[in-house]
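Novice: Fold the stuff below for me.
(chains A and B)
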Amino acid sequence: MGKYIAKRIGYMALVFLIVSFLMYSLYNLIPSDPARAELEAMKSTLKPAEYEQMYQDLRERMGLNDHLVIRYARWMGLYPDVQDQGFNGLLQGNFGYSNFFKQDVIKVIEAPMSNTIFINIFSTIAALSITIPLGIYCAVHKGKKIDSGVQVVTMVGYSMPIYIIALIFMFFFCVFWRIFPISGTKTAGAIYANGWEEFVDMFKHICLPVIVMTFASLGGMTRYVRSSMIDALSMDYIRTARAKGLKEKVVIYSHAWRNALLPVITSIIGWFLSIFSGSVIIENTFSLNGMGKLYWTGLNNLDYELVLAIQMFYTVISLMGSLLMDISYGLVDPRVRVDK
Amino acid sequence: MSKNKKEFFLVRWFKRMFLGARPELSMEEAEKIQTPMRQMISNFVHKPLAMTGLIVFLAIFAFVMIGPKYWVLDLSEQDATLTNLPPSSNMMTVPEAMLKAGIADIAAGNTYGIGTDVNGELYIWGHTRITEKIDIANVPDEVRAADLSMIAAGTDHVVALAEDGQVYVWGNTRLKQDKFGNDMEKAMKKGGKDWEVIQLEASNQFSAIVTADGNCYLWGNGNMADVKIKSKFQGKVAKVALTENEYIALLNDGSVAYTGNKDKNSPFARIPDEVKGKNSAVDVAATAKSVAALTTDGKVVVWGSASKGENNVPEFGAKVTKLYGGRFHYTALLEDGSVVTWGDNKYKQLDVPEELASVKIDRMFISNYQNYALDTDGKLHTWGLKGFTLGTDGLGRDMLTRIVNGGKVTMTVGAISVVIATILGIILGGTAGYFGGKLDMLIMRVAEIVGGLPFIPFAMILSAVIGTRLDPTQRMYLIMVVLGVLSWVPTCRLVRSQILAQREMEYVTAAKAMGIKESTIVFRHILPNVFSLLIVSMTLDFATCMLTESTLSYLGFGIPLPTPTWGNLLNGANNSIVIQQYWWQWVFPATIFGICTICINLIGDGLRDALDPKTIGR
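Specialist: Sure, this is the predicted structure:
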């Protein structure tokens, strides 16, 4: 197992390097000149020749004249910097500088990340606590009216674009009944007496996004749980268990559910990882200051160092997700030997 | 053959009674082999839900593919007077009570009509809401009480003249629409009850009055419109014609003059020679951006910026007696009683009803997109803009046109991306599956990388980075390619796994033994066996691609405005004002798109079940 994991991690590192190189070169397609941008303010005070000299110096100092691969390696932290010959890149924890926010990327990401995690933990918990019981119930009562009803609702939930669901929910909850505020993560200009009040205010704001996210993920997950449960229930050992005279509850929860859990658990783990990445659509629709929104803002304002950093973060998350999924599969199901 | 199970037992008995027993199937028929494809189709056809989905989807598909021929998209289209209109068709529905009482005057606004009957009673119809607070239909009490003689409708205000010479303005009065000039106040006071007004006009935030003694008074939003008159023309004006923000005047001596103070270089100031001289003109009219004059010998001359065909004056069969201007069209009443129209026909302003030929026209009231003709029997004939079936958006564009054309774009993009993805998937998956070894390893690693990338963020980046240098059409192709290139992985995996399974079959061995080329074996022998599965995955991919395209457009990284897609129609919808007040701007696109994706998923699920009988009931 250890060898397998080591192999996978090595492979992950390789993939990460390839993807990051691709992304880095993609960004270098954009015509931009940071050296000129930095000198722009001084341009009027300098003579043309002086300016040109300074510009060339700066280009040299920033390392803009080097080959793409060297610049990439420098950005990654695999090649020494021009000035101090030290390694200072992504691998050393330097995520770059955001031109739009005029701040280090790592600082910019802090607040949105905590918001995103806050929102996603709620929605994941809510979704899991609804979908799993619902899926089991539907599988057990397969073909009954209530099952067909749930099937229709989940069908709608997973076919409809999430932003349309968001619009409909916004119409009813924010405009029609006026239960929740329409956007943002906190009341504008509010001063809180204590942490609890702040929590309540934030909770009120993220309630609707959480409901929408839960509803949207309801469809896929419920169907998944249901079909895997139906599979399990049609097995011979269930008939055996019933024939033994076990209680129906025991048959369902102890015999069938445990086996149905196997495929479900992997997707749940993949799900938990998306807690960090956030949803671009939901955060935009509800103007939540989260990772997705930050990414969108960065792209819209051509703040490429920020976008690149977030993109790298997303890539790591998705690579980790697939690794965890494979490992967990082996852990929950002893029949599967992943290292083969 | 379990068909007869479905029939109600009475029907079965009935059939058996009169048609005799069902003939027994012969051995041959019962054992007839069906190809997997036929099996799948016959399974599919017997699924009511999937069939409903298919029919509804095909209907929507036909609608958005044929529809653009009828609802032609004009990308540059916008009209400030038609913004945010709700679905309606009553813009020219004149109240019965007014018709009964007898019409005295009608003023056609941009989206509403207002009129007085012979008793001085006021009637309003059409869409009258200007903003959330301001509604033309909220007529002040003193106007209700007054005995009105003349009425004029502007873009957001209404002017009415009472018998006692009093002038009333209501509607939007925030931009000085109700601030009369000093000289007019004086004249009004002096004239008192006998103040004789011969013309009352209103246009975009400004209004004009012409009195019998040849004076013209203008008032309204001076920042936007020309509300001044050169003093040398005062006392000589016979009639004025208001464009969107300027005006020209017909003088008492029969010449046309630019009496305004705004701009010497205004296109309206270049009066054509035909109507410059004395006794050369008898009537003037104006559209939003052009003016026209009728010469003494019945000729019509048009000048100004006539961009919508206002200057294509047709040949007249008789002498023109009266000239009227709409927003982008002219209507002329001829000596022989016939009506000729020209200019823009977007809202059917030019389509004069045929019954008009057989009646004698008494008076006509024409403005904006509406035409009202009153015949001598007191019957009213209308033509022009009745309303918008699905409302208009924030730029005054017809939602129905945008939805239909947007659907076409969305579906085209979805279909082409699916084709690209499928072709890539088949080629790569086929190669990987059949040849195996290092090639397989390489392709599957690439697939893993591409499949592992977070889809929406990556598509956003590609569109943002590459798309900045492209024009809208190229950007559309870019989106298709991006979607195709990012979504081939599932197809590739499917094809590969299927081929791995098929490769071991006897027929492949047979083909090999016959010395057939390997590429032929893969693509001609094995692929057809995988085809039914491919159809399922293509159907579901189509939904995904449409969703992704619209999501990207919704986020502003897909197909750029003004090209409509179902995604970017909803782009502006996520703010409370649109959600609450302009519901038609998001409900209709959302509904049709939602139905469409649900249908595609129903079809995909149905196909999957039909293909694999084991999964039925899941």
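Novice: Check the secondary structure at B:Tyr330 for me.
Specialist: Under DSSP: H, G, I helix; E, B strand; the rest coil, B:Tyr330 falls in the strand class.
Novice: check contacts around it.
Specialist: B:Ala285, B:Thr287, B:Ala292, B:Val300, B:Val302, B:Glu310, B:Val313, B:Leu323, B:Tyr324, B:Thr341, B:Trp342, B:Gly343 (CB atoms under 8 Å, 6 or more residues apart in numbering or on different chains). C-beta coordinates here come from the backbone N, C-alpha and C atoms, glycine included.
Novice: Please, which helix or strand holds the closest residue to chain A within the stretch 301-450 of chain B?
Specialist: Going by CB to the nearest CB, chain A is nearest to B:Ile449 of the stretch 301-450 of chain B, at 5.4 Å. Assignment of secondary structure by DSSP states H and E places B:Ile449 within helix B:437-452.
Novice: which outside residues touch that helix?
Specialist: A:15, A:18-19, A:315, A:318-319, A:322, B:428-429, B:431-433, B:485-486, B:488-490, B:492-493, B:496.
Novice: what comes up buried for that helix?
Specialist: B:Asp440, B:Ile443, B:Met444, B:Val446, B:Ala447, B:Glu448, B:Ile449, B:Val450, B:Gly451, B:Gly452 (16 or more other CB atoms under 10 Å in any protein chain shown).
Novice: Figure out how far that helix is from the centre of its chain.
Specialist: Per CA atoms, centre = their mean, to the nearest Å, the displacement of helix B:437-452 from the mean C-alpha position of its chain is 46 Å.
Novice: wait, doesn't B:Lys408 sit right on B:Ile66?
Specialist: No. Between B:Lys408 and B:Ile66 there is no contact under CB atoms under 8 Å: 9.4 Å.
Novice: what is the orientation angle of the longest helix along chain B with helix B:437-452?
Specialist: Longest helix in chain B, counting residues (DSSP state H): helix B:399-435. Relative orientation of helix B:399-435 versus helix B:437-452 (axes from the mean of the first three to the mean of the last three CA atoms, to 10 degrees): 150 degrees.
Novice: Next, see if helix B:399-435 gets close to chain A.
Specialist: No. Using CB under 8 Å from any CB of the partner chain, helix B:399-435 never reaches chain A; the gap is at least 11.1 Å.
Novice: quick one, helices of chain A?
Specialist: Counting by DSSP H, the helices of chain A are A:2-27, A:34-39, A:48-62, A:68-76, A:105-140, A:145-159, A:162-170, A:195-233, A:236-243, A:248-250, A:257-277, A:280-285, A:291-300, A:304-332.
Novice: Helix A:304-332 and the fourth one, what's the angle between them?
Specialist: Spelled out, it's helix A:68-76. Using the same axes, to 10 degrees: helix A:68-76 against helix A:304-332 is 70 degrees.
Novice: related to what we said a few turns ago, widest-spaced pair of the buried residues of helix B:437-452?
Specialist: Pairwise distances across the buried residues of helix B:437-452 (CB to CB) peak at 18.0 Å, for the pair B:Asp440 and B:Gly452.
Novice: domain assignment for chain A?
Specialist: A:2-105, A:110-332 (automatic domain parsing).
Novice: Can you measure across the last one, start residue to end residue?
Specialist: When you say that, I think you mean domain A:110-332. 34 Å (CA to CA, to the nearest Å).
Novice: Show me what the mean pLDDT comes to for that domain.
Specialist: On average, the pLDDT along domain A:110-332 is 83.
Novice: Run a quick neighbour tally on residue 267.
Specialist: Went with chain A since none was named. Using other CB atoms under 10 Å in any protein chain shown, A:Ser267 has 15 neighbouring residues.
Novice: Let me rephrase: I mean chain B.
Specialist: Neighbours around B:Pro267, by other CB under 10 Å: 16.
Novice: Also the one 5 residues further on?
Specialist: Look at B:Pro272: counted by other CB under 10 Å, it has 14 neighbours.
Novice: what does B:Lys322 give?
Specialist: 18.
Novice: Wasn't B:Ile209 part of a strand?
Specialist: Yes. With three-state DSSP as the criterion, B:Ile209 is part of a strand.
Novice: Hmm, B:Cys216 and it touching each other?
Specialist: Yes. In this structure, B:Ile209 is within contact of B:Cys216 by CB under 8 Å, at 7.1 Å.
Novice: confidence score at residue 83?
Specialist: Defaulting to chain A. Reported pLDDT for A:Gln83: 67.
Novice: The intended chain is chain B.
Specialist: 83.
Novice: Also B:Gly406?
Specialist: So, for B:Gly406, pLDDT stands at 91.
Novice: Quick one: residues contacting the closest residue to A:Leu26 other than its chain neighbours.
Specialist: Nearest non-adjacent residue to A:Leu26, counting by CB to CB, 6 or more residues apart in numbering or on different chains: B:Val465, 5.6 Å away. Contacts here follow CB under 8 Å, 6+ apart; on that basis B:Val465 touches A:Leu26, A:Tyr27, A:Leu29, A:Ile30.
Novice: Understood, closing this out.
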